[in-house]
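[1] Quick one: sequence and predicted model below, then my questions.
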Number of protein chains: 2
Amino acid sequence: MSIQNVTEKVERWGVFELTLKGPEGGNPFLEVNFDAEFRYRGRAVMMGGFYDGDGIYKVRFMPDTEGYWTYTTKSGCVELNGITGSFLCTAPGANNHGPVRVKNTFHFEYEDKTPYYPFGTTCYAWIHQGYELEEQTLNTLKNSPFNKLRMCVFPKDYSYNKNEPVYYPFEGSLEKGWDYTRFNPEFFRHLEKRIMDLGELGIEADLILFHCYDRWGYSNMDEDSNIRYLTYLVRRLSAYRNIWWSLANEFDFVQSKTMGDWDRLFKIVQQNDPFQHLRSIHNGRTFYDHGKPWVTHCSIQSSQLDKVYEWRNLYNKPIIVDECCYEGNIEHDWGNITDKEMVHRFWKGFCCGGYVGHGETYIHPQDILWWSKGGVLYGKSPERIAFLRKIIEEGPSDGLTPYHDTWQVVWAGKEGYYYLMYFGINQPYFKEINLPESDKFEVEIIDTWEMTITPLPGEYSGKCRIELPAKQYIALRIRRLHSFSSIKGGF
Amino acid sequence: MSIQNVTEKVERWGVFELTLKGPEGGNPFLEVNFDAEFRYRGRAVMMGGFYDGDGIYKVRFMPDTEGYWTYTTKSGCVELNGITGSFLCTAPGANNHGPVRVKNTFHFEYEDKTPYYPFGTTCYAWIHQGYELEEQTLNTLKNSPFNKLRMCVFPKDYSYNKNEPVYYPFEGSLEKGWDYTRFNPEFFRHLEKRIMDLGELGIEADLILFHCYDRWGYSNMDEDSNIRYLTYLVRRLSAYRNIWWSLANEFDFVQSKTMGDWDRLFKIVQQNDPFQHLRSIHNGRTFYDHGKPWVTHCSIQSSQLDKVYEWRNLYNKPIIVDECCYEGNIEHDWGNITDKEMVHRFWKGFCCGGYVGHGETYIHPQDILWWSKGGVLYGKSPERIAFLRKIIEEGPSDGLTPYHDTWQVVWAGKEGYYYLMYFGINQPYFKEINLPESDKFEVEIIDTWEMTITPLPGEYSGKCRIELPAKQYIALRIRRLHSFSSIKGGF
């Protein structure tokens, strides 16, 4: 039994990592168990360790409380058993707000209570494109409005996606087959690097654990291999605060797995992640039952944004329509909506009390389409999505509650304080609105495409007629006067 | 018993009218029954007569078979009983194709087998606007693509509709109340005149028998008055071949009537119309069960045109989405879609195997909105609807059968011969299509908004890649070569 360095410091929600030397012989991935118990005062948290190759064993931990933590390793292997130590958890850095949690049933916040409004995009296979393109993707993301990225662990085989990845997750080759009992640590170190890169940009990694766009066989592994893979992955990645677990993309298109399989795989993730990062599963044609307790929020593919109302009522969880079709012009109808339509779907989804995700699929001479490989964004929607994000961030911190309307207008707000009303593809010349008579409100006309906000003169109360520009993609922002400014951003 | 003129001639599906003098005293509307039996060889058809005021009684008849017809009147009143006569039914005039019937389950044709594709518009209260505006409406219709008009019997009270009508259907006044037992023949003669005017333009009158936009009380008449009204109306109008019966507009918003009431009223119409004109009922929020046997086709208000698939399967009848919102800019969201969106909905509905109706609601300084009062059309959709109508009329005479697609593309056709494929709001750069390998096809790219048809060079067969202009509102017309031209318009 040896004592590790007791003066190590880790910021709150940072990554503590313990590295030990252990056996190299046989198959350490299979044959060596290695965990650690972390303690803060009376609380004990078990965290699984993993083998990182070359006789190196690691365990990672994300402390959620400031102060002294101690740990003790447990292993059937004597070299790895009973190692103890401690570290000091310090205050988080300036841009560290902790992991994202569900808030107020339908919304999100960081663990430090800072509001988090997901504005996601999609680059499924970006980590499999090599250094240059991956760095370009990060640079594009840095200058984008996006704070969540849907991305796959495994490489992707699909139209516009035929290149081999740089790293493979298992030992072996496409020709000779894979040894699913032996992971390739280099693959996982690269994945971790990219997740950390995203973390530095303030971007949540919505990590897709299985998908069906596959020529390597990873979508058809046997049950034991699936469990080993998930266990290994979750142990390696759980300590990164910006991880979200997406069990699958288009789960119902993965023909090798039954609904019962997905339930079990969810539980494997849940059991191995003591930090309980967000968990979801994304549909093709059929929905998984998002009401099941291990699902933290709905991850939905649909172009029917007004169904957000229905899903909120059905599942009573946050709704992220992370695939509402992509801005682009490819032959697939999920990948050829216009810039205006993409922005329209964002506004519609948000004004129904949900969240919407972006993706881009413009034909490219080298088949570098953002939706899968990353690179550069060509579309006009991201700038408008940034505009919406600013508006949402200036809105109620506890999220927008929708008001269901009979016709096409969608609107949401915080009763008595704030209303965001979106007229979508309609072009009304005017609207009559009913505001509470007990207060006075300011009204602004927002052109969601031109990105202008025009305050209307005067104060509004009760039944009001609002003249409108009789064009598409117009919204109204209505905020209570006086009371509003004093509690702006925090009411 | 007297013999009427035996040399009278009436064209097939024209109106034979017998006029007799009878009692004027008391209330002839209530107290005198008067019918006639019309005979062609062994066939006898009973037709109800009606009182037209000033001691005049009439019975009208639409003969459907060429040759000699005889008739005998029947009445409890001796002056009107046992009058016999005959007329010669001659060949129909050039533009007379008879009444419209359901064809091939989901489509329509005139009784002479000429295809009829409904391209309707809406002027609810046009007959209540006075001579000048009514004539202007007719002139507009004459130069429009529309061959069906939704219109109300009763005057309308609603936003933009506050003017009093020229004629009232009953004796009485708004102030003193109405005598529902005494009809105003002038009102009905005017209505008939307008229906005949439409007939001369080749326009079907989709006549709305009840509606709720009412300050006169006509939507709240008692059961006996409703039955008397329908009986009187149907006896007066059935002989006009261009009549369709629409039991109500937004039937579920007429609070005074139950579902059982509507069933009974349908049967009153059915029993009094020996020519069995088309019958439907138009919904607000709730559908009437269009599966009931007296409903000949579905009259639907909805902006979800892709549901045409579902309704076809559900009701197994023709689907007319006669209210898919209106082109315009008023405050109501059913009345402020753009010109492009209106044309889009037409294409979408037709390519789902249904039919779509038009309406227009642009703000007007004198509140003359086409949708209700008629007048002049300002929008850009009618020209494009004319373009679509031409394409549909060049297509299969037995109508388009839809192919349900997973994504947004809608397409319909006649298997092996003809396909109309519409990409809607999507903007694909190309499409892969699968044509039968046994034949060769010609392919044309249609820009539904620009109204251009661009034939692609070459012949197409089997799996083909079609380059597209990567913009919205594009369609493909695909026709079998060789075989097609020889049976054009009739295959």
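    Everything's here; your move.

[2] Just to be sure, residue A:121 is in a strand?
    Yes - under DSSP: H, G, I helix; E, B strand; the rest coil, residue A:121 falls within a strand.

[3] Who are the contact partners of it?
    By CB atoms under 8 Å, 6 or more residues apart in numbering or on different chains, residue A:121 lies in contact with A:141, A:144, A:146, A:148, A:149, A:150, A:357, A:358, A:359, A:360, A:370, A:382. For every residue, glycine as well, the C-beta is placed using N, CA and C.

[4] between these, which is nearest chain B?
    Of all the contacts of residue A:121, chain B sits closest to residue A:360, with 12.9 Å by CB to the nearest CB.

[5] pretty sure that closest one contacts residue A:329?
    No - applying CB atoms under 8 Å as the test, residue A:360 and residue A:329 come out as separate, 10.2 Å apart.

[6] Who has more neighbours out of the two?
    Counting neighbours by other CB atoms under 10 Å in any protein chain shown for residue A:360 and for residue A:329 shows that residue A:360 has the greater number, 24 against 21.

[7] Narrow the contacts of residue A:121 to those in helices?
    A:141, A:370, A:382 (DSSP state H).

[8] Quick check, residue A:477 in contact with residue A:422.
    No - Residue A:477 is beyond contact range of residue A:422, at 10.0 Å (criterion: CB under 8 Å).

[9] The two: who's more crowded?
    Comparing residue A:477 with residue A:422 by other CB under 10 Å, the one with more neighbours is residue A:422, at 25 against 21.

[10] any idea how far that one is from chain B?
    Per CB to the nearest CB, to the nearest Å, residue A:422 is found 12 Å from chain B.

[11] Quick check: bridge partners of that residue?
    residue A:410, residue A:475 (DSSP bridges).

[12] Look up the pLDDT of residue A:292 for me, please.
    Predicted confidence (pLDDT) for residue A:292: 97.

[13] how close does the closest residue to it other than its chain neighbours sit to residue A:248?
    The spatially closest residue to residue A:292, leaving aside those adjacent along the chain, is residue A:263, at 7.0 Å (CB to CB, 6 or more residues apart in numbering or on different chains). According to CB to CB, to the nearest Å, residue A:263 and residue A:248 sit 12 Å apart.

[14] where in chain A is pLDDT low?
    A:1-6, A:405-408, A:483-491 (pLDDT under 70).

[15] Who are the contact partners of the residue nearest the centre of it?
    Centrality entry for chain A: nearest residue to the mean C-alpha point is residue A:206, 3.6 Å, by CA atoms, centre = their mean. Residue A:206 is in contact with A:120, A:148, A:149, A:150, A:151, A:244, A:246, A:280, A:299, A:322, counting by CB under 8 Å, 6+ apart.

[16] Count the residues that sit near the fourth one.
    Other residues near residue A:150 number 26, with proximity taken as other CB under 10 Å.

[17] who in the stretch 251-400 of chain A is up against chain B?
    Residues of the stretch 251-400 of chain A lying near chain B by CB under 8 Å from any CB of the partner chain: A:285, A:303, A:329-334, A:336-338, A:341, A:363.

[18] and of those, the nearest to chain B?
    The closest of these, once distances to chain B are taken by CB to the nearest CB, is residue A:333, at 3.5 Å.

[19] doesn't residue B:409 make contact with that closest one?
    Yes - assessed by CB under 8 Å, residue A:333 is found in contact with residue B:409 at 5.7 Å.
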